[in-house]
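K.L.:
The sequence and its predicted three-dimensional model are supplied below.
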Amino acid sequence: MADPLNPLDSGARRARPFPLTIGSQPLPVGSVIAIARGDCGEIALDDHPDFLARLKSSQCAVEANLAIGGQIYGVTTGVGASVANQIPPELQDQLPHNLLRFHGCGTGRILNETEAAAVIVVRLASLVRGHSGVRPVVIQRLCDLVNHRLLPRIPSEGSVGASGDLTPLSYLAATLVGEREVTYRGEILLATEALDQAGLEPLSLQPKESLALMNGTSVMTALGCLAWERALKLSRLASSVSAMVSETTHGNPAHFDARIFDWKPHPGSRLCAEWLRADLDRDDGGREPARLQDRYSIRCAPHVIGVLIDVAQQAERILEIEVNGANDNPLVDPESGEILHGGNFYGGHICMAMDSLKAAVASVADLLDRQLPLLCCPATSDGLPENLIAATGAEAVVHHGFKAMQISASALTAEALKLTMPASAFSRSTESHNQDKVSMGTIAARDCLRVLELSETVAAIALLAACQAVDIREREGEQPGHRAAILRNAIRKSIPELLADRRQDGDIATVVEMHHADTLPIGELRGD
């Protein structure tokens, strides 16, 4: 049965929407993605009395500390290097709105609707832990934004990843108070107008609430969740393409024998080898391989793709802790009523996970880019025509097949590899040297998404070439194996074989769109 909360389940997108309660239980990464995409019904806060009492205690702790003259960063003091500024009680109500306003300096690409929704869900998952001192109405309003798909327009640039994602998250806080722009029902509207259409009142934020909304890691974590899913999908697509390349170049399937991977049992490599064995399965038992040992880009495919699988699984554990962690400052102990000042807003773990993930993704793009010339050179393909030119006879010499596609794939791969420089290595001192060591986690997450975009396109080019090779081998009398047949047939419903030179940019875009829409039959993301 399809699991609608698991984005890696092939039936998840087709499942009937269902309501989801958020509160007492941790929120898995797959649930974040499902909610952000609108694959669930409405979300609602847990109505268990213990949960609601915890939220109330957290809010009351802030009020109680203020009542006895306690010092709370960002409430009775200025923020950042202005912490020495004392805010008199009569001005404390102004500070929450001024905090979000002066952080309205984001630049760059606006996050798309799924990304913006993921940001809200991740911020919600942190605030319901009860350590942020916000009123339940604020948390409920975040649920309302998701349910109405009333989404802040968040610029992607402007965060150094500590103190969290202050600037981009200020656009979420601004939406709650009816400021700046949002997306609602496919239109870009002023937040006040969209809230009015949705029947929601703008909120007036109380002391500590703007900090609770802004001073966290929710943008980098949300983007990281989406990158995690795409990375796992790419690993399966790359495995399917590798199987097709092995088959059409008459490679040696013994390279993927289970015993080899049992003797060095990295889980990702074992799983990838299992996929390859299933994909290479054929009714006729196969033919003798053209060589004893294939080149590394085929023979070592499970070892390269396996790294991506294992890094993605490690990233999932980090992401889930961050999604459900209290990551603003200061934090509240609802049991004792203490206010604790610390640095949970630091996004170092997310940065490390995204730096590692983008490197593993780019390595897979490099693998596929190396496989492409093996298909295009007769000496390495066991006799496929040069550049996979399907034209025959005298006119074949004026056609070029996949010659330029190799150049495009190489350019994309080079750009992906260039972006693997660790973002964490570029920590900067900023904000009058208060934020003198920062994570760069949001930049790492953005880099990872760009590397994925490039690598998915490389995979699309490699898949088109592999399908061309399957067509040519079939005309030679060879029947394709399991995965090669179903993938080639799926592609050919939309894209004809390359029989003569033509533009192929539309072909590439179509394959990428099919991959994103889960209409490429790449196989399940589990053992077959």
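P.N.:
Perfect, thanks for sending it.

K.L.:
how far does stretch 72-91 stretch from start to finish?
P.N.:
14 Å (CA to CA, to the nearest Å).

K.L.:
Which strand or helix spans the most centrally placed residue in the chain?
P.N.:
Nearest to the geometric centre of the chain sits Ala227, at 1.7 Å (CA atoms, centre = their mean). In the assignment (DSSP states H and E), Ala227 maps to helix 218-248.

K.L.:
per-residue confidence for Gly41?
P.N.:
Gly41 is assigned 85 on the pLDDT scale.

K.L.:
and the gap between it and Pro49?
P.N.:
Distance, Gly41 to Pro49, by CB to CB, to the nearest Å: 24 Å. C-beta here means a position set from N, CA and C on the backbone, and glycine is covered the same way.

K.L.:
Neighbour count: the two, which is higher?
P.N.:
Neighbour totals were compared for Gly41 and Pro49, and Gly41 leads with 14 against 8 (other CB atoms under 10 Å).

K.L.:
tell me which element the more buried one is part of?
P.N.:
Gly41 is part of no helix or strand, with elements assigned from DSSP H and E.

K.L.:
So which residues of the stretch 401-528 of the chain form strands?
P.N.:
Here the stretch 401-528 of the chain has no strands by DSSP state E, counting those that start in this stretch.

K.L.:
Show me where it dips below the pLDDT cut-off.
P.N.:
526-528 (pLDDT under 70).

K.L.:
what are the ranges of the helices in it?
P.N.:
Here the stretch 401-528 of the chain has its helices, by DSSP state H, counting those that start in this stretch, at 403-418, 441-475, 482-492, 505-516.

K.L.:
List the buried residues in the last one.
P.N.:
By neighbour count, and taking 16 or more other CB atoms under 10 Å as the criterion, the buried residues in helix 505-516 are 507-508, 510-512, 514-515.

K.L.:
swap in the longest one?
P.N.:
Neighbour counts over helix 441-475 (16+ other CB under 10 Å) mark 441-449, 451-452, 454-473 as buried.

K.L.:
Could you list the low-pLDDT ranges of this structure?
P.N.:
Of all residues in the chain, those with pLDDT under 70 make up the ranges 1-18, 283-285, 526-528.

K.L.:
Now do the domain split for it, please.
P.N.:
Listed by automatic domain parsing, the domain ranges of the chain are 12-216, 224-335+343-516.

K.L.:
Mind checking those for the one nearest to Glu524?
P.N.:
Among those, domain 224-335+343-516 comes nearest to Glu524, with 7.9 Å by CB to CB.

K.L.:
Off-centre distance for the closest one?
P.N.:
The chain centroid and the centroid of domain 224-335+343-516 are separated by 15 Å under CA atoms, centre = their mean, to the nearest Å.

K.L.:
can you give me the end-to-end distance of that domain?
P.N.:
With CA to CA as the measure, domain 224-335+343-516 spans 17 Å from end to end.

K.L.:
Which strands and helices lie in contact with the helix or strand that Glu274 is a member of?
P.N.:
Per DSSP H and E: Glu274 is located in helix 267-279. Here helix 267-279 touches helix 218-248, helix 258-262, helix 301-323, helix 482-492, going by 3 or more CB pairs under 8 Å, 6 or more residues apart in numbering; DSSP states H and E.

K.L.:
Could you figure out how far it is turned away from helix 482-492?
P.N.:
Helix 267-279 and helix 482-492 are oriented at 80 degrees to each other (axes from the mean of the first three to the mean of the last three CA atoms, to 10 degrees).

K.L.:
returning to that earlier point: now tabulate the domains of the chain in CSV and tack on distance to Gly523.
P.N.:
CSV is the format used below for the domains of the chain (distance: least, CB to CB, whole Å):
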stretch, distance to Gly523
domain 12-216, 15
domain 224-335+343-516, 6
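
K.L.:
before we move on, the earlier item: how close does the residue nearest to the centre of the chain get to Asn489?
P.N.:
30 Å.

K.L.:
Hmm, Leu172 and Leu150 touching each other?
P.N.:
No: using CB atoms under 8 Å, Leu150 is not in contact with Leu172, being 11.2 Å away.

K.L.:
Against Ala222, how distant is the residue nearest to Leu499 when sequence neighbours are not counted?
P.N.:
Of all residues not flanking Leu499 in the chain, Ala390 sits nearest, at 5.0 Å (CB to CB, 6 or more residues apart in numbering). Counting by CB to CB, the separation of Ala390 from Ala222 is 45 Å.

K.L.:
What are the buried residues along stretch 363-372?
P.N.:
363-372.

K.L.:
ok, and what's touching it?
P.N.:
Under the contact criterion CB atoms under 8 Å, 6 or more residues apart in numbering, stretch 363-372 has outside partners 234-235, 238, 241-242, 245, 295-298, 301, 304-305, 307-308, 402, 405-406, 409-410, 412-413, 416-417, 451, 454-455, 458-459, 461-462, 465.

K.L.:
Now with 7 Å, please.
P.N.:
With contacts defined as CB atoms under 7 Å, 6 or more residues apart in numbering, stretch 363-372 is touched by 234-235, 238, 241-242, 245, 297-298, 301, 304-305, 307-308, 406, 409-410, 413, 416-417, 454-455, 458-459, 462, 465.

K.L.:
cool, stretch 113-124 as well?
P.N.:
Contact partners of stretch 113-124, identified using CB under 7 Å, 6+ apart, comprise 22, 32, 35-37, 111, 139, 142-143, 145-146, 151-152, 154, 172, 183, 213, 216, 218-219, 221-223, 225-226, 323.

K.L.:
So between Ala390 and Ala222, which is more surrounded?
P.N.:
Using other CB under 10 Å, the more surrounded residue of Ala390 and Ala222 is Ala222, with 33 against 17.

K.L.:
and the more buried one, what does it touch?
P.N.:
115, 118-119, 122.

K.L.:
Could you identify which of the residues you listed has the most neighbours?
P.N.:
Counting neighbours by other CB under 10 Å, Val122 leads the contacts of Ala222 with 30 neighbours.

K.L.:
Would you tell me what the next helix or strand after the strand or helix carrying that one is?
P.N.:
Using DSSP H and E, Val122 sits in helix 113-127. Downstream of helix 113-127, the next assigned helix or strand under DSSP H and E is helix 136-148.

K.L.:
Could you point out the helix or strand that follows that next one?
P.N.:
That would be, after helix 136-148 and using DSSP H and E, strand 151-152.

K.L.:
Which elements pack onto that following strand?
P.N.:
Contacts defined by 3 or more CB pairs under 7 Å, 6 or more residues apart in numbering; DSSP states H and E place strand 151-152 against helix 113-127, helix 166-177, strand 181-184.

K.L.:
quick one: which of those is nearest Leu280?
P.N.:
Distances from Leu280 to each of those were compared using CB to CB; the minimum, 34.7 Å, belongs to helix 113-127.

K.L.:
hey, C-alpha coordinates of that closest one in PDB?
P.N.:
Extracted C-alpha coordinates of helix 113-127, given in PDB (Å, rounded to 0.1, in the frame of the first residue of the first chain):
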ATOM      1  CA  GLU A 113       5.600  27.400  -3.500                       C
ATOM      2  CA  THR A 114       6.800  24.000  -2.400                       C
ATOM      3  CA  GLU A 115      10.000  25.400  -0.900                       C
ATOM      4  CA  ALA A 116       8.100  28.200   0.800                       C
ATOM      5  CA  ALA A 117       5.500  25.700   2.200                       C
ATOM      6  CA  ALA A 118       8.400  23.500   3.400                       C
ATOM      7  CA  VAL A 119       9.900  26.500   5.300                       C
ATOM      8  CA  ILE A 120       6.600  27.000   7.100                       C
ATOM      9  CA  VAL A 121       6.200  23.300   8.000                       C
ATOM     10  CA  VAL A 122       9.800  23.100   9.300                       C
ATOM     11  CA  ARG A 123       9.400  26.300  11.400                       C
ATOM     12  CA  LEU A 124       6.100  24.900  12.700                       C
ATOM     13  CA  ALA A 125       7.800  21.600  13.700                       C
ATOM     14  CA  SER A 126      10.300  23.500  15.800                       C
ATOM     15  CA  LEU A 127       7.900  25.800  17.500                       C
END
